[in-house]
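Colleague: quick one: sequence and predicted model below, then my questions.
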Amino acid sequence: MHASALPVQSHRRRATLIVGAMLAFAAATLLFAGMTGSIRVPLADVPEALRQLATGRPDSLSASLIDLRASRALVAFATGGALALAGLMMQALLRNPLADPYILGVSTGASVGALLAMLLMASALTIDAAALAGAVGVALLLYVLARRDMRSGQAAEGGAAMLLLTGVIVSALCGSLVTLMLSIAPEGRLRSMVFWLIGDLSGAPLRLAPWLVLAGALLFAMKHARAMNVVALHAEAAVTLGVRVGALRKGLFFVSALLTASAVTSAGAIGFVGLIVPHACRFAFGPDHRVLIPATILSGGAFLVLCDTLARTIVAPQQLPVGAITAMIGAPVFLYQLHRLRK
């Protein structure tokens with residue numbers, strides 16, 4: 001065998017092992033979420049319950065409980081995977097390890113739309129549509145304001161800094177609108193508005209659209225994984241190495257904004273997933289985006305599934321907003337990651 005083929009085979013074997021292990025872990029978290037709740041499903045009942053679900057006839061209590069919890073767990077997995085991948089793309093776009101899906105204000109734009117719809121006593125479908133419209137509107141506004149820097153393949157640091165500054169300003173504007181609406185909201189609607197802002201999966205329906213968005217984003221990311229590696233390691237020389245930096249940056253911006261809009265529309269503003277999961281995967285698996293991308297999606301989905309399981313079981317039958325759980329776990333984990341980074 002040629003010597004140059006050995007590193008390639010070794011890399012593929014390592015990538016297969018990592019992705020396979022993360023797939024098994026993600027499946028285990030979904031099964032754990034289906035079994036865990038105020039009424040626990042015994043492990044011995046799981047095979048028969050899964051058989052009943054596969055035949056479309058959930059006759060037993062265990063099958064009904066797993067069926068009920070599985071839809072919420074799948075929503076959590078799609079949301080967590082989207083936030084984690086959006087965070088990874090934002091960090092590649094801005095070349096900033098502190099970037100996360102909410103840093104450019106897309107989520108606060110969704111918050112403005114959703115809270116306005118809640119304030120006007122709109123239906124759940126209208127609230128989702130308003131949140132999506134707010135997120136897409138902010139993303140388009142950011143592109144219009146920073147389009148010159150987005151198109152340019154040169155001066156990557158300056159363009160990223162301008163986009164980041166623009167996003168922070170737009171986010172501050174949307175945040176002030178959110179504060180204004182909360183201050184004038186009636187008491188009867190204030191609780192649901194606050195829960196939406198923190199992030200809550202209790203009423204999130206299982207839909208196909210978030211999975212389609214996540215699948216499309218995965219295909220885009222894997223297609224450009226090598227280019228993301230080059231930009232991360234050789235930003236100033238990426239153009240001379242054959243990378244279309246301007247097109248890559250625009251693609252990363254729009255796909256990460258779409259992922260954020262999809263996640264926020266499904267479950268509200270859930271923090272820390274897009275910040276700590278890419279960091280943790282980078283520490284564990286290295287900087288190669290060809291491995292990082294699938295590992296980050298699987299890790300983010302599994303992490304949010306576990307957090308949501310905690311949120312609905314810690315003080316059962318009362319349910320906590322999952323965003324509070326991710327913040328309580330994410331803050332100390334991120335501080336630990338910063339400590340390791342300094343060392």
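Modeller: Thanks, I have it.

Colleague: could you use CA atoms for every contact and neighbour count after this?
Modeller: Fine.

Colleague: may I see the buried residues of the helix or strand harbouring Ala27?
Modeller: If you go by DSSP states H and E, Ala27 is part of helix 5-35. The neighbour-count criterion (16 or more other Cα atoms under 10 Å) identifies 15, 18-19, 22-23, 26, 29-35 as the buried residues of helix 5-35.

Colleague: which non-adjacent residue is nearest the spatially most central residue of the chain?
Modeller: Centroid-nearest residue in the chain: Leu83, 0.9 Å away (criterion: Cα atoms, centre = their mean). Residue nearest to Leu83 in three dimensions, not counting chain neighbours: Gly274, with 4.9 Å by Cα to Cα, 6 or more residues apart in numbering.

Colleague: list the contacts of the one you found.
Modeller: Gly274 makes contact with 83-88, 100-101, 300 under the criterion Cα atoms under 8 Å, 6 or more residues apart in numbering.

Colleague: and which of those residues is nearest Arg226?
Modeller: Taking Cα to Cα as the measure, Arg226 lies nearest Leu88 of the contacts of Gly274, at 14.2 Å.

Colleague: would you confirm that the closest one contacts Cys281?
Modeller: No. The pair Leu88 and Cys281 does not pass the contact test of Cα atoms under 8 Å, sitting 9.9 Å apart.

Colleague: list residues touching both of these two?
Modeller: With the criterion set as Cα under 8 Å, 6+ apart, the overlap between the contacts of Leu88 and Cys281 is Thr296.

Colleague: which one's more surrounded, those two?
Modeller: Leu88 (31 against 20; other Cα atoms under 10 Å).

Colleague: just the helices in the stretch 101-250 of the chain please.
Modeller: 106-119, 124-151, 156-184, 187-198, 209-223, 225-233, 245-267 (DSSP state H, counting those that start in this stretch).

Colleague: now the shortest one, how far from the chain's geometric center?
Modeller: Think helix 225-233. Helix 225-233 has its average C-alpha position 21 Å from the chain's average C-alpha position, going by Cα atoms, centre = their mean, to the nearest Å.

Colleague: for the second one, same thing?
Modeller: Averaging C-alpha coordinates over helix 124-151 and over its chain gives two centres that are 17 Å apart (Cα atoms, centre = their mean).

Colleague: and the fifth one, by the same measure?
Modeller: Taking Cα atoms, centre = their mean, the mean C-alpha location of helix 209-223 is offset from the chain mean by 12 Å.

Colleague: can you name every helix or strand that that helix contacts?
Modeller: With contacts taken as 3 or more Cα pairs under 8 Å, 6 or more residues apart in numbering; DSSP states H and E, helix 209-223 sits against helix 61-94, helix 245-267, helix 289-313.

Colleague: I'd like those helices laid out as TSV, including distance to Arg207 and mean pLDDT.
Modeller: Compiled in TSV, the helices and strands packed on helix 209-223 are given as follows (distance: least, Cα to Cα, whole Å; pLDDT from 0 to 100):
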stretch	distance to Arg207	mean pLDDT
helix 61-94	8	90
helix 245-267	9	87
helix 289-313	16	94
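
Colleague: to Leu116, which of these lies closest?
Modeller: For Leu116, the closest of those is helix 245-267, at 13.7 Å, according to Cα to Cα.

Colleague: and the angle from the closest one to helix 106-119?
Modeller: When axes from the mean of the first three to the mean of the last three Cα atoms, to 10 degrees is applied, the directions of helix 245-267 and helix 106-119 differ by 30 degrees.

Colleague: flag every buried residue along the following helix or strand past helix 245-267.
Modeller: On the C-terminal side of helix 245-267, the closest following helix or strand by DSSP H and E is helix 273-285. Burial within helix 273-285, assessed by neighbour count using 16+ other Cα under 10 Å, is assigned to 273-282, 285.

Colleague: what does stretch 70-82 give?
Modeller: Residues of stretch 70-82 classed as buried by neighbour count (16+ other Cα under 10 Å): 70-82.

Colleague: distance to Gly251 added to those residues, as TSV?
Modeller: Below are these laid out as TSV (distance: Cα to Cα, whole Å):
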residue	distance to Gly251
Ala70	33
Ser71	31
Arg72	30
Ala73	29
Leu74	27
Val75	25
Ala76	25
Phe77	24
Ala78	21
Thr79	20
Gly80	21
Gly81	18
Ala82	16
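
Colleague: return the closest of the residues you listed with respect to Gly330.
Modeller: The shortest gap between Gly330 and any of these belongs to Gly80, at 13.1 Å (Cα to Cα).

Colleague: tally of neighbours for the residue nearest to the closest one when sequence neighbours are not counted?
Modeller: When the adjacent residues along the chain are set aside, Gly80 lies closest to Gly301, with 4.2 Å between them (Cα to Cα, 6+ apart). Neighbouring residues of Gly301 were enumerated by other Cα under 10 Å; the total is 29.

Colleague: I'd guessed Gly301 sits against Ala26; true?
Modeller: Yes. In terms of Cα under 8 Å, Gly301 counts as a neighbour of Ala26; the distance is 7.3 Å.

Colleague: dump the residue contacts of the nearest residue to Leu197 once chain neighbours are set aside.
Modeller: Excluding its sequence neighbours, the residue lying closest to Leu197 (Cα to Cα, 6+ apart) is Ala269, at 5.4 Å. For Ala269, the set of contacting residues under the criterion of Cα under 8 Å, 6+ apart consists of 107, 111, 196-199, 323.
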